[in-house]
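Visitor: Just the structure for this:
(one chain, ligands or ions: 2)
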Amino acid sequence: MNRVRCLVLNAALGPLDYKVPEGMEVGPGHVVECPLGPRTIIGIVWESERLPGTEVPAEKLRAIRGILPVPPLPAALRRLIEWTADYYVASLASVARMALSSGGALKGPATMTEYRLTGGMPERMTPQRLAAMEALDGEQATIRELAGIAGVSEGVLRGLVNQGALEPVEVDCDRPYDAARPDFAHINLNPQQQEAAEILSDAVRARKFAPYLLDGVTGSGKTETYFEPVAEALRMGRQVLVLLPEIALTENFLHRFEERFGVTPVLWHSSLKSTERRRAWRNVANGGAQVIVGARSALFLPFRELGFIVVDEAHETSFKQEDGVRYNARDVAVMRAHFEGIPVVLASATPALESLQMAESGVYAKLDLPSRFGGAQLPDIDIVDLTQEKPPQGMWLAQRLVDGIAERLERGEQSLLFLNRRGYAPLTLCRHCGFRYQCPNCSAWLVEHRFTGRLACHHCGHEAPSPAACKECGEPDCLVACGPGVERIADEVAQRLPEARVFVATSDTLNSPGRAAEFIAQVESGAIDVIVGTQLVTKGFHFPELTLVGVVDADLGLEGGDLRAGERTYQQVAQVAGRAGRGSKPGEVLIQTRHPEASVIAALAAGDRDAFYDAETEMRREAGAPPFGRWASIIISSEDEKEAREAARRIGDVRPDVADLMILGPAPAPMALLRGRYRYRLLMNARRSVQLQDVIRRWLGCIDHPPGVRVGVDVDPYSF
Ligand code: ADP
Ligand code: ZN
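Guide: Ligands and ions are numbered 1, 2, ... in the order given. Below you'll find the predicted structure:
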């Protein structure tokens, strides 16, 4: 009898053995349906030859029910799943679920039915039907998705289908995408770009694992450079994966890609419609999708023949997943390339210290683009010492910065003010009784959003209308804003320079590709004079008329005091500074700070990146921080404070005693209450020689917890 070991997509269980029914052909990677108790669940055939530790007697084995009609998961992906589960101390099933994230999509047929308005009216109109029809104008999606968009039940929409107001449209999810044309447009690279592009193209042809760090200043043309090896992979008939940090804002990238390759690439991110998702997944697997541009989850797609991986803006913190399986897509991308036997390039103007260290020690090959394309100069950077040049009472911008914006207005140029705080003010309180508005689910203040008239939590999404009277003392019109957010800075600019056309650019206002495209068009046509934005505007944009960048508060990032504060500040300010003077006109950057003496600020002002990285390297070395030592954290959470505290204490009580390993805590986690869960944390700091993952597995493996307690492991946490 044939037996196989299957990874069932149920986190609590390890791989299980099943019997293969007579006549069924299954091998590793096949996605199958397995019986589990009374249910049928999806599993992946993991091993079929040697089955170590097989104890279940043959007659007790249950049989696989069927094979799903999708290509088997390739071996390289299965190895990636194993590596990820092992390195990040997660269960195999939880990682495999990411790979099969289109779960439902797998089971379903290749054809799906979407619905759209016919233009006809239902025989019997109700207010609910009318509202639904208004909301669905121009939409086409499955009934369930349309119900979500319109905010009505699926039953209401079925009624509209029966009455002829909605009609079905069949969508073929196996339809391949238009082919990208590697030689659609030719771009003349400058000699530095050419050299880097040739090295990468050679690596693509060599079909061997090779990691690269493309270290190029802002505006050096990193994209044009890596497009060449992308073209090379396409010529070889192989697929390409490009990871971008902010998938909502890829307009500019898509446009450049289309100009170069004649088609837009295939997108992969969490807000795809189910038909788009299923079509992308199936075509990645069968080779009908050539270039995938995606968020970090695209790393676990079942590519048929991947030839090249790009991680653009590789330093970005959004590559770190902070819940579920806590992984860093930048590092997993390198491992995927390793298992596929292909090159991978990490592109950045401000690489993470870890990446630079890998280049220095020779693990990554480093490619440099030290100057801007087309002779554009890097901008001049100046410090505004806020202790000397005080903004007027109740304002946040020094006169010099406002004068700079006024000059740009006169010349018809543009300015960008950067402040990494959405909303109007980070803290809202009652002028009468001092009551502070706090999120009911998180240890965080509610942030006032004046444009929408709401108070919002930036951690869990909790929202409430701004109250007309204090919730605590009942005083009317009593809210006072404390500190500035981007909306407040925009108000200030409008007040001090009334003729300026100001636009607030954040994830609140640029929340769809359409809106982002509109924003870009407005800036390009000169309809916007001043952009006030969060870190969303620090990357990717190329606006030739933008000649002034003002950093409203460079000290903000340093306040948290964690070990990465300096690096984060450096990266953010250098990236936003990189938006200035990208055209023929020179750029200027003004950095407002109360600490001009801080080493990060001094290095930025002097344009001395090496000085900053050297100082940072020394600091990390002394602290035993990455890349010199390793950190991991264990997060224990529960909806019940006491339960979380006790579980954390039980774990802390049996802490292992290992040489070169220091364990701190348990203590309340930095966000002690998050999305309604109380959180405690244990921090581990170890020498590189310690097998940290093994220690954690052995430690946590011997403790049981009440069902309400969750224990999460974060290996290489971003902040500590
Ligand atoms: P980076 O990503 O390194 O900041 P970009 O790739 O955005 O830089 O390039 C900056 C600008 O220069 C873009 O508008 C890009 O189209 C242009 N550019 C770069 N290299 C070339 C080239 N070889 N030919 C034409 N335009 C180029
Ligand atoms: Zn919250």
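
Visitor: Return the distance of the most centrally placed residue in the chain relative to L272.
Guide: Residue closest to the mean C-alpha point of the chain, counted by Cα atoms, centre = their mean, is S318 at 3.6 Å. According to Cβ to Cβ, to the nearest Å, S318 stands 18 Å off from L272. No exception for glycine: its C-beta is placed from N, CA and C like everyone else's.

Visitor: other SSEs contacting the helix or strand where E643 lies?
Guide: Assigned by DSSP states H and E, E643 belongs to helix 641-653. The contact analysis (3 or more Cβ pairs under 8 Å, 6 or more residues apart in numbering; DSSP states H and E) places helix 641-653 against strand 629-638, strand 661-674, strand 677-687.

Visitor: mind listing what the residue in the stretch 601-720 of the chain positioned nearest to ligand 2 touches?
Guide: Residue nearest to ligand 2 within the stretch 601-720 of the chain: R675 (6.5 Å; Cβ to the ion). Neighbour list for R675: N441, C442, H459, C460 [criterion: Cβ atoms under 8 Å, 6 or more residues apart in numbering].

Visitor: For it, report the pLDDT, please.
Guide: At R675, the model reports a pLDDT of 92.

Visitor: just E313 next, same as before
Guide: E313 is assigned a pLDDT of 92 by the prediction.

Visitor: Against G294, how distant is the residue nearest to it when sequence neighbours are not counted?
Guide: Closest residue in space to E313, ignoring its immediate chain neighbours: P245 at 4.9 Å, by Cβ to Cβ, 6 or more residues apart in numbering. Here the criterion is Cβ to Cβ. By it, P245 lies 11 Å from G294.

Visitor: sorry, back to before: show me the contacts for the residue nearest to E313.
Guide: D312, E313, E316, S318, F319, K539 are the contacts of P245 under Cβ under 8 Å, 6+ apart.

Visitor: which stretches of the stretch 451-600 of the chain have low pLDDT?
Guide: Under the criterion pLDDT under 70, the flagged ranges of the stretch 451-600 of the chain are 560-561.

Visitor: burial count for the closest residue to ligand 1 within the stretch 201-350 of the chain?
Guide: In the stretch 201-350 of the chain, the residue found nearest to ligand 1 is G221; the distance is 2.7 Å by Cβ to the nearest ligand atom. By other Cβ atoms under 10 Å, 22 other residues sit near G221.

Visitor: For it, give me the pLDDT.
Guide: On the pLDDT scale, G221 is placed at 93.

Visitor: quick one: the residue nearest to it when sequence neighbours are not counted from T223, how far?
Guide: Computed as Cβ to Cβ, 6+ apart, the closest residue to G221 that is not its neighbour in sequence is F373, at 4.1 Å. Between F373 and T223 the distance is 10 Å, computed by Cβ to Cβ.

Visitor: on that earlier part again, drop anything exposed from the contacts of P245.
Guide: Buried by 16 or more other Cβ atoms under 10 Å: D312, E313, E316, F319, K539, out of the contacts of P245.

Visitor: Of those residues, which belong to strands?
Guide: Those of the buried ones among the contacts of P245 mapping onto strands are D312, per DSSP state E.

Visitor: Quick check: residues of the stretch 351-500 of the chain near ligand 2?
Guide: C439, N441, C442, C457, H459, C460, H462 (Cβ under 5 Å from the ion).

Visitor: quick one, what contacts the second one?
Guide: Taking Cβ under 8 Å, 6+ apart, we find N441 in contact with C457, H459, C460, H462, L673, L674, R675, G676.

Visitor: For burial, what's the neighbour tally of the nearest residue to C473 once chain neighbours are set aside?
Guide: Sequence neighbours aside, C433 is the residue nearest to C473 in space, at 4.0 Å (criterion: Cβ to Cβ, 6+ apart). Other residues within reach of C433, judged by other Cβ under 10 Å, total 13.

Visitor: I'd assumed C433 was in a helix, is it?
Guide: No - the assignment for C433, made by DSSP: H, G, I helix; E, B strand; the rest coil, is coil rather than a helix.

Visitor: Correct me if wrong: it contacts E472.
Guide: Yes - using Cβ atoms under 8 Å, C433 is in contact with E472, at 5.5 Å.

Visitor: wouldn't V695 be in contact with D657 here?
Guide: No - counting by Cβ under 8 Å, V695 stays clear of D657, with 10.3 Å between them.

Visitor: between those two, which one's more packed in?
Guide: Remark: of V695 and D657, V695 carries more neighbours, 19 against 6, as counted by other Cβ under 10 Å.

Visitor: Buried residues of the strand or helix carrying the more buried one, list them for me.
Guide: Per DSSP H and E: V695 is located in helix 692-701. Within helix 692-701, the residues scored as buried using 16+ other Cβ under 10 Å are L692, Q693, V695, I696, W699, L700.

Visitor: and if you look at stretch 662-674?
Guide: For stretch 662-674, the neighbour count (16+ other Cβ under 10 Å) marks I663, G665, P666, P668, A669, M671, A672, L673, L674 as buried.

Visitor: Farthest-apart pair in the residues you listed, please.
Guide: I663 and L673 (23.5 Å; Cβ to Cβ).

Visitor: Neighbours of A93, how many?
Guide: A93, neighbours per other Cβ under 10 Å, totals 20.

Visitor: pretty sure S689 is touching R630, no?
Guide: No - applying Cβ under 8 Å, one finds S689 not in contact with R630, separated by 9.6 Å.

Visitor: quick one, phi/psi of R336?
Guide: phi -60, psi -40 (degrees, to the nearest 10).
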